[in-house]
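**Q** give me a model of this one.
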Amino acid sequence: MFADEMDILSLSRWRCTCRANYQHASSSLQRTFTNRLQAFVPYPHQLIDIVEQHGGIFGGEVALSFLLRHDPYRPSTLEMYTSHYQFDNLRAAILNDPQIRARIDKWALRPKTQLYALSRLVSSSLEIRMTNGRTVYVHQSYNCSPSAPLTRAPCTALSNFVTGYGFGCSHPTLTLARRALLADRTLQFPESARDRRVLDRLLAHGFELAVSPATWPEYRDRRSVDVEMKDADDDTRDVAVAADNAYDAPRNRDDNTVGEDNDMTPHLETTQSPEECLRYTWLQCPSQGRFFGDGGSFVGYFDPLDRGEERCMKANVAPYGSMAVWRVPSTFDCDAGCGDVDEVLETGVTSVPVLFFKDPFGELKGLECDRMIASARRRALSF
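**A** Below you'll find the predicted structure:
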């Protein structure tokens, strides 16, 4: 169909034009997801139901492939994540599922070392080798949040999730432009050899990887540009303003979810406060606190008119329920103080599991953490 040839941003906008287009676009999104899973199991809807019943999410390269849609990127591994207390139940359900059991070549339960578990927030993994040469992983989160391991992905291009109701991308501006920030602190273990192979595949499919976002011209410090503009002639100033506006596309300020009729490109503020990192606002600096649903992320639903978001809220399915707030674990050191002055995370904190839910007026009413963070600025955690 025509809808299947559209990128995810164009499709999200197009389905807002009329009810017929909405149906085509919603079906196309669901079809893209099930097609990705069909490479591993013949009946993907059964697998989606199993993962959903145990509070799990799909991530890794399959989630990235879903977001890229018509890109030829087709991963050979399927990764699922669940909380530490749901892992045993999901593992048993996966191994007992007839469509998977009939195609298992061999499987193994691989517990992680304590150091690796603390770094990657993965306690253990079920590895299933399929007869078709593909591999299925079920990862046990180190804490109550199934999305916690996504916050320690080797790069931001893999910090995405898909569920039976919707999807989320933490860095859409970068990911959809085939760019990714490296979480190089997570690549220091022998177990990270598979991560390096994943990064090699990303490079082979045209991704640019960098530790600092200043690698790309769009995200460099504009303070020096502002100073130089004072002495520039009119023609130079007009060209610079036009280039700047190309990256400052309008978006709905009343809806922090980037998607649907909102622009995918987060708005770049130009405040002159010394506490702000002008190169990376909105949310491209690895030192800034992030969560799925903030102004720099992209969260969408397969069928919003069928109460997709409401179902997620009631069932505690991502982006609601047990989620996480995090910083990219990178050696990059922001000289503008993003790691010290942040409205989401305290200094030195890299990841905190949280419980997200909405009040009837659409604002985040509260959160529960594994530890007390009374000093956290909860007002920043609003959808």
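
**Q** hmm, residue 187 and residue 195 touching each other?
**A** Yes. Residue 195 is in contact with residue 187 according to Cβ atoms under 8 Å; the separation is 6.0 Å. Any C-beta I mention is one placed from the backbone N, CA and C, and that applies to glycine too.

**Q** okay, strands next: where are they in the chain?
**A** Assigned by DSSP state E, the chain shows strands spanning 57-59, 77-82, 104-111, 122-130, 135-141, 160-162, 166-169, 179-181, 208-210, 298-301, 321-326, 351-356.

**Q** what's the closest non-adjacent residue to residue 53?
**A** residue 93 (7.5 Å; Cβ to Cβ, 6 or more residues apart in numbering).

**Q** list the contacts of the longest helix along the chain.
**A** For the chain, the longest helix by residue count, based on DSSP state H, is helix 19-37. For helix 19-37, the surrounding residues in contact (Cβ atoms under 8 Å, 6 or more residues apart in numbering) are 1-4, 6, 8, 11-12, 14-16, 44-45, 47-48, 58, 62, 65-66, 69, 74, 78, 162, 167, 300, 302-303, 305.

**Q** how many residues are close by the closest residue to residue 319 other than its chain neighbours?
**A** In space, and not counting its chain neighbours, residue 319 is closest to residue 292: 4.4 Å by Cβ to Cβ, 6+ apart. Close neighbours of residue 292, defined as other Cβ atoms under 10 Å, add up to 27.

**Q** kindly report the same for residue 105.
**A** For residue 105, using other Cβ under 10 Å, the count is 12.

**Q** that one contacts residue 129, correct?
**A** Yes. Contact criterion Cβ under 8 Å: residue 105 and residue 129 qualify, at 4.5 Å.

**Q** still on that earlier bit, next step: the contacts of helix 19-37 restricted to helices.
**A** 8, 11-12, 14, 44-45, 47-48, 62, 65-66.

**Q** hmm, back to that, contacting residues around the residue nearest to residue 53?
**A** Per Cβ under 8 Å, 6+ apart, neighbours of residue 93: 50, 53-54.

**Q** among those, which lie within helices?
**A** Among the contacts of residue 93, DSSP H puts 50, 53 in helices.

**Q** ok so, going back, was I right about the residue nearest to residue 319 contacting residue 321?
**A** No. Using Cβ under 8 Å, residue 292 is not in contact with residue 321, being 11.1 Å away.

**Q** nearest residue to residue 7 in space, ignoring adjacent ones along the chain?
**A** The shortest distance from residue 7 to any non-neighbouring residue, by Cβ to Cβ, 6+ apart, is to residue 69 (6.0 Å).

**Q** an error on my part: the question was meant for residue 6.
**A** Counting by Cβ to Cβ, 6+ apart, the residue nearest residue 6 is residue 14, at 6.5 Å.

**Q** got the contact list for the one you found?
**A** Contacts of residue 14 (Cβ under 8 Å, 6+ apart): 3, 6, 21, 25.

**Q** now it: how far from residue 295?
**A** The span separating residue 14 from residue 295 equals 23 Å under the rule Cβ to Cβ, to the nearest Å.

**Q** cool, residue 33 as well?
**A** Applying Cβ to Cβ to residue 33 and residue 295 gives a distance of 25 Å.

**Q** of those two, who's got more company?
**A** When neighbours are counted by other Cβ under 10 Å, residue 33 and residue 295 differ, and residue 33 comes out ahead with 23 against 17.
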